[in-house]
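Enquirer: need coordinates for the following:
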Amino acid sequence: MISRRARRWVLWIAGAALVAVAAVIGGTFVYIHFISGPAPAQLSLKSPASSAGGSTAGGGAAAGSTASTGAASTPLTGTWRVASGSVVGYRVKEVLFGQDNIAVGRTGDITGQLTIGGTTVTAGSFTVQMATITSDASQRDAQFRGRIMDTAAYPTGTLVLTRPIPLTPLPAAGVIRTYTAAGRLTLHGHPRQVTFPLSAERAGARIEISGAIPVLFADWDIPNPSFGSVITTQNHGVLEFLLKFDRA
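Expert: Numbering: from 1, shown residues only. I've put the predicted structure just below:
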């Protein structure tokens, strides 16, 4: 028989454990929803003229003949290099102590270039220094650099276009158009073929492009970011980018 005093101790310990769990969950809720705030919006192009666009490659110019005329006045032929203000990162849905959250990590440590001949992107690539990607949580970043992406062994991630992208008809400056791109994405030391939509805009003297590529972790032999029962994630995430190019 368990004594009355022993039962009280069991009940006290159980109650204390429940209070601790409630405090952790409540604290996590407060941190995610009131301190950390919502996750950054997905990287994308934003232009006052974008509402006039919405066309895709192979369709008519977003602003009619005016767009074609305006585009033709500024040749794009040549080499364009990744410039300041470019951002690449990841977006993954996670559950932290029972609370839904979106983990976002980003970096501006990017190099790369585009080559355009006439009205066709003939080549393109960019490289990211993976260890420079950071989020709003140092513990998550340590896991990312170590167990998940092993940036010491695989310091870079790369995307190389594997087929040309026709741009005809060229849009006018400030008009966003969407194209389909194909490339070889190398993450965690594993190259994989990907096809994805990207948006492009001529912004003054620059070319800006944005896009998002779904990443199923197993395809690149990336360990699932889940950490025991404390943090669980989906088995996939998104690589997103906003690249700004200046003429080389």
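Enquirer: could you measure R140 against V88, distance?
Expert: R140 sits 17 Å away from V88, going by CB to CB, to the nearest Å. The C-beta positions use only the backbone N, C-alpha and C, and glycine is treated the same way.
Enquirer: now D219
Expert: Applying CB to CB to D219 and V88 gives a distance of 19 Å.
Enquirer: cool, V238 as well?
Expert: Taken as CB to CB, the span from V238 to V88 is 11 Å.
Enquirer: between the two, point out the one with more neighbours.
Expert: V88 (27 against 16; other CB atoms under 10 Å).
Enquirer: show me the contacts for that one.
Expert: V88 sits next to 106-107, 110, 126, 128, 133, 157, 239-243 when contact means CB atoms under 8 Å, 6 or more residues apart in numbering.
Enquirer: any weak-confidence spans in this protein?
Expert: 1-37, 47-74, 97-98, 228-230 (pLDDT under 70).
Enquirer: out of the contacts of V88, who's the most crowded?
Expert: L243 leads these on contacts (other CB under 10 Å) with 26 neighbours.
Enquirer: strand partners (parallel or antiparallel) of the helix or strand harbouring that one?
Expert: Using DSSP states H and E, L243 maps to strand 236-247. Strand 236-247 sits in its sheet next to strand 78-82 (antiparallel), strand 87-96 (antiparallel), strand 206-216 (antiparallel), going by DSSP bridges.
Enquirer: Q193 is nearest to which of those strands?
Expert: Closest to Q193 of the strands paired with strand 236-247, according to CB to CB: strand 206-216, at 11.2 Å.
Enquirer: what helices or strands is the longest strand seen in the chain leaning on?
Expert: The residue-count maximum for a strand in the chain (DSSP state E) belongs to strand 190-203. Helices and strands touching strand 190-203, by 3 or more CB pairs under 8 Å, 6 or more residues apart in numbering; DSSP states H and E, are strand 177-187, strand 206-216.
Enquirer: got the angle for the first one vs strand 87-96?
Expert: Translated: strand 177-187. With axes from the mean of the first three to the mean of the last three CA atoms, to 10 degrees defining the directions, strand 177-187 sits at 70 degrees from strand 87-96.
Enquirer: OK, contacts around the residue nearest to I222 when sequence neighbours are not counted?
Expert: Sequence neighbours aside, H188 is the residue nearest to I222 in space, at 5.0 Å (criterion: CB to CB, 6 or more residues apart in numbering). H188 sits next to 149-150, 154, 220-222 when contact means CB under 8 Å, 6+ apart.
Enquirer: can you tell me which of these are in strands?
Expert: Short answer: those have none in strands (DSSP E).
Enquirer: could you identify the most distant pair in those residues?
Expert: Going by CB to CB, the pair spanning the contacts of H188 furthest: D150 and W220, at 11.6 Å.
Enquirer: what ranges do the helices span in this protein?
Expert: Secondary structure of the chain, counting by DSSP state H: helices at 4-30, 65-72, 138-143.
Enquirer: in the shortest one, what counts as buried?
Expert: Neighbour-count burial for helix 138-143, counted by 16 or more other CB atoms under 10 Å, picks out 140, 143.
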